[in-house]
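K.L.:
After the sequence you'll find the predicted model.
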Amino acid sequence: MPSADEDVYRDALKRQSAADAGDQGNAEREPRGRWARWTRRRRLTTVAGVVLIIAGCGYILFHFLRPKAGRCFDRGVAALKRGEHDAAIDLFTKAISLDPDTVSAYWNRALAYERRPDYRRAIEDYTRVIEMLPWTPHVWARRGYAHEMVGLRDRALEDYTEAIRLAPDKGYTFRDRGWLYRMEGDYTKAITDYTKAIELDHTDSTSLVARALCLKGLKRYQEALRDYREAVRVGPGDARARRTYAWFLATCPDRTYRDRQEALVQIGMAVTLDSRNAANLVRRADILAGLNRPEDAVRDYTEAIRVDPDDHWARNEYAWFLATCTDAEYRDGAKAVKHALKANELYGGQNAYLLGTLAAAYAESGDFAKAVECQEQALAVETTGYDTEAALKRLDLYKAGKPYREAP
């Protein structure tokens, strides 16, 4: 009995013989001469026409008869770009109901929830995306951020670490975990991650700035200055890098490194690069207030709030200025309380800095009982970087019935 390989070989020979015989039969019937050439052209023309018709039908089906889920998704993306987060969420939800396997709809709805913000629902959608695409590092990183925003630091760390495992050659994975370490006050671990991110991308101005902030936190000011300068060198168009560098030059605890005029130059460049960013205007206002130019500071504070009325930080900084300015002409306790209350409302949680500003505002308005209450609340809230020693001194002032004044 022949082997299986021989059977396959013989079967192949039979098929080839049959094919050859068919070809010969066809060859005998093949038309010859000019008629043959015309016939072949006609066949080719017919085939080409059929292909064009099929392609045209496909084009029409794709562009004019798209499924409802696709149309809902497209409208959701447009709404998200316009900042209409609730409308985007509704449209993505409809797209998902029509096609539950639409990964992009879950991803974009999570982004919309983030911007609302509703981080817990964002986590649910990111988890769904991870179930469908578990090998995608940026989804793990985004869920890590959402976990961090709801205070689930351990889960955030797990997500960031998984993103690094999936993409150890991508700097953003290390940068995201470095952010978590920095927010926890673990500057040494944060510096390690930021350094890795910078090694992977020497033009990563974001990681350079973040590492500089950690170095400043460790009082390694010379190294921090080096990183700030490198950040604006490799990222000349990075407004945030210039803004953060300007603040370092204006407020460095070691006055050896202070240069408020250069700080004003750097923050001016940041505003020029992005004048619609409230953070740039607020920082310039803070620096102008430090240079004893209150009128110019008020102009920038009010412009920042006009540009972004929902920016809690802009309102907080303006409230602090109104409550603590040494020039009585620019102090306004009632207005300070209004902006400080709004800042806390917009933040949606408890933050020591915001509560401390509200305390200063109440003190300026003469309500020292509320000032003491808010300052004590601020001291009870765990907030990274909050100067507890300075806060206790302000608390003593309020208990003594005195407002706080911040010298330029």
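P.N.:
Now that the structure is in, tell me what you want to look at.
K.L.:
For the stretch 251-400 of the chain, which segments count as helices?
P.N.:
For the stretch 251-400 of the chain, the helices defined by DSSP state H, counting those that start in this stretch occupy 260-273, 278-290, 294-307, 312-324, 333-347, 352-365, 368-380, 388-399.
K.L.:
okay, those helices in CSV with distance to residue 252 next?
P.N.:
For the C-beta atoms, the positions are set from N, CA and C on the backbone; glycine is no exception. Converted to CSV, the helices of the stretch 251-400 of the chain look like this (distance: least, C-beta to C-beta, whole Å):
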stretch, distance to residue 252
helix 260-273, 10
helix 278-290, 12
helix 294-307, 20
helix 312-324, 19
helix 333-347, 26
helix 352-365, 19
helix 368-380, 24
helix 388-399, 16
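K.L.:
And these: which comes nearest residue 145?
P.N.:
Each of the helices of the stretch 251-400 of the chain has some distance to residue 145 by C-beta to C-beta; the shortest is helix 333-347, at 17.2 Å.
K.L.:
pull the CA atoms of the closest one into CSV?
P.N.:
Output of helix 333-347 as CSV, limited to C-alpha atoms (Å, rounded to 0.1, in the frame of the first residue of the first chain):
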residue,chain,number,x,y,z
GLY,A,333,-13.4,90.4,51.5
ALA,A,334,-16.9,89.8,50.2
LYS,A,335,-15.6,89.2,46.6
ALA,A,336,-12.9,87.0,48.0
VAL,A,337,-15.4,84.8,49.8
LYS,A,338,-17.6,84.6,46.6
HIS,A,339,-14.7,83.4,44.4
ALA,A,340,-13.3,81.0,47.1
LEU,A,341,-16.7,79.4,47.7
LYS,A,342,-17.1,79.0,43.9
ALA,A,343,-13.6,77.5,43.7
ASN,A,344,-14.4,74.8,46.3
GLU,A,345,-17.7,74.1,44.6
LEU,A,346,-16.1,73.6,41.2
TYR,A,347,-13.4,71.4,42.6
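K.L.:
report the angle between the axes of that helix and helix 312-324?
P.N.:
Interaxial angle of helix 333-347 relative to helix 312-324 (axes from the mean of the first three to the mean of the last three C-alpha atoms, to 10 degrees): 160 degrees.
K.L.:
returning to that earlier point: can you put the helices of the stretch 251-400 of the chain in a markdown table and add mean pLDDT and distance to residue 132?
P.N.:
Output for the helices of the stretch 251-400 of the chain, formatted as a markdown table (pLDDT from 0 to 100; distance: least, C-beta to C-beta, whole Å):
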| stretch | mean pLDDT | distance to residue 132 |
| --- | --- | --- |
| helix 260-273 | 96 | 39 |
| helix 278-290 | 96 | 36 |
| helix 294-307 | 97 | 39 |
| helix 312-324 | 97 | 35 |
| helix 333-347 | 96 | 34 |
| helix 352-365 | 96 | 39 |
| helix 368-380 | 96 | 42 |
| helix 388-399 | 95 | 46 |
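K.L.:
For these, could you give me JSON lines that also reports distance to residue 100 and mean neighbour count?
P.N.:
Shown next, in JSON lines, are the helices of the stretch 251-400 of the chain (distance: least, C-beta to C-beta, whole Å; neighbours: other C-beta atoms under 10 Å):
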{"stretch": "helix 260-273", "distance to residue 100": "43", "mean neighbour count": "18"}
{"stretch": "helix 278-290", "distance to residue 100": "39", "mean neighbour count": "25"}
{"stretch": "helix 294-307", "distance to residue 100": "40", "mean neighbour count": "18"}
{"stretch": "helix 312-324", "distance to residue 100": "37", "mean neighbour count": "25"}
{"stretch": "helix 333-347", "distance to residue 100": "35", "mean neighbour count": "19"}
{"stretch": "helix 352-365", "distance to residue 100": "41", "mean neighbour count": "26"}
{"stretch": "helix 368-380", "distance to residue 100": "45", "mean neighbour count": "19"}
{"stretch": "helix 388-399", "distance to residue 100": "50", "mean neighbour count": "15"}
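K.L.:
Out of these, the one nearest residue 149 is which?
P.N.:
Comparing those by C-beta to C-beta, helix 333-347 comes nearest, at 11.9 Å.
K.L.:
ok now that closest one, how far from the chain's centre?
P.N.:
Chain-centre distance of helix 333-347: 26 Å, with C-alpha atoms, centre = their mean, to the nearest Å.
K.L.:
Which residues lie in contact with residue 122 in this structure?
P.N.:
Neighbour list for residue 122: 110, 111, 113, 114, 142, 143, 146 [criterion: C-beta atoms under 8 Å, 6 or more residues apart in numbering].
K.L.:
So which of those belong to helices?
P.N.:
The helices, defined by DSSP state H, take in 110, 111, 113, 114, 142, 143, 146 from the contacts of residue 122.
K.L.:
Could you tell me how far the third one is located from residue 120?
P.N.:
Summarising the geometry, the distance separating residue 113 from residue 120, computed by C-beta to C-beta, to the nearest Å, is 8 Å.
K.L.:
same question, the last one
P.N.:
Using C-beta to C-beta, one gets 8 Å for the distance from residue 146 to residue 120.
K.L.:
same thing with the fifth one?
P.N.:
Residue 142 sits 14 Å away from residue 120, going by C-beta to C-beta.
K.L.:
Likewise for the second one?
P.N.:
The span separating residue 111 from residue 120 equals 15 Å under the rule C-beta to C-beta.
K.L.:
and the two? which has more neighbours close in?
P.N.:
residue 111 (19 against 13; other C-beta atoms under 10 Å).
K.L.:
you'd agree the more buried one is up against residue 79?
P.N.:
No - with contact defined as C-beta atoms under 8 Å, residue 111 does not reach residue 79; the gap is 11.7 Å.
K.L.:
any chance of the contacts of residue 122 in CSV, plus pLDDT and distance to residue 223?
P.N.:
Below are the contacts of residue 122 laid out as CSV (pLDDT from 0 to 100; distance: C-beta to C-beta, whole Å):
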residue, pLDDT, distance to residue 223
110, 95, 37
111, 95, 36
113, 95, 39
114, 92, 34
142, 95, 31
143, 97, 33
146, 95, 32
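K.L.:
which one of those residues is nearest residue 318?
P.N.:
Nearest to residue 318 among the contacts of residue 122 is residue 114, at 26.3 Å by C-beta to C-beta.
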